[in-house]
Structures are given as C-alpha cells and as structure tokens.
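Visitor: Next comes the sequence, and after it the predicted model I'd like to discuss.
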Amino acid sequence: MDRKEVGNAFEFVAVASARAKQLLLGCTPRVEGSEKPARRAAQEVLAGAVRRQAPDSEAAK
C-alpha cells in the first residue's frame, strides 16, 4: 500500500502513533524494516500488518 492510498491521514497517524508506543514498550515488530519505532510503525500500517480497532461500546461508556 502506498501512503497516497491511505484514505484518512489523521487515522493513519493515530494508528501509527499507537503502534510506535507499543514497539517502544517491547512488542515484537510485524514487518522487517527500520529500527526506529516511529518509522517501523508507519511501515507496519502501510503493509496492513496493524489496523485500527474500534473500542467496544460497553468499554467506551
């Protein structure tokens, strides 16, 4: 997937940011690439290895 194909830039940044935090906490990377957490997170989102997950309606209350 190309960055231009990302429909919502805000959502892309939000998901990549959350994934970068997970990588900093020690989560295993899902794709090969940069050693930098922010760049690796963006690569994972573009590769489709991570996605946004909506919270449960009960948990959001």
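Guide: Received it, and whenever you're ready, just let me know what you need.
Visitor: can you pull the contacts of R52?
Guide: R52 makes contact with 11, 14-15, according to Cβ atoms under 8 Å, 6 or more residues apart in numbering. For glycine as for every other residue, the C-beta is placed from the backbone atoms N, C-alpha and C.
Visitor: Pull out the buried residues from those.
Guide: V15 (16 or more other Cβ atoms under 10 Å).
Visitor: Among the contacts of R52, show me the least confident.
Guide: Lowest pLDDT within those is found at E11 (88).
Visitor: buried ones in the helix or strand hosting A41?
Guide: For A41, the host element (DSSP states H and E) is helix 37-47. For helix 37-47, the neighbour count (16+ other Cβ under 10 Å) marks 37, 40-46 as buried.
Visitor: and which of those is nearest L23?
Guide: P37 (4.2 Å; Cβ to Cβ).
Visitor: can you tell me how far the closest residue to that closest one other than its chain neighbours sits from E35?
Guide: Excluding the flanking residues, the one nearest P37 by Cβ to Cβ, 6 or more residues apart in numbering is L23, at 4.2 Å. As judged by Cβ to Cβ, to the nearest Å, L23 and E35 stand 10 Å apart.
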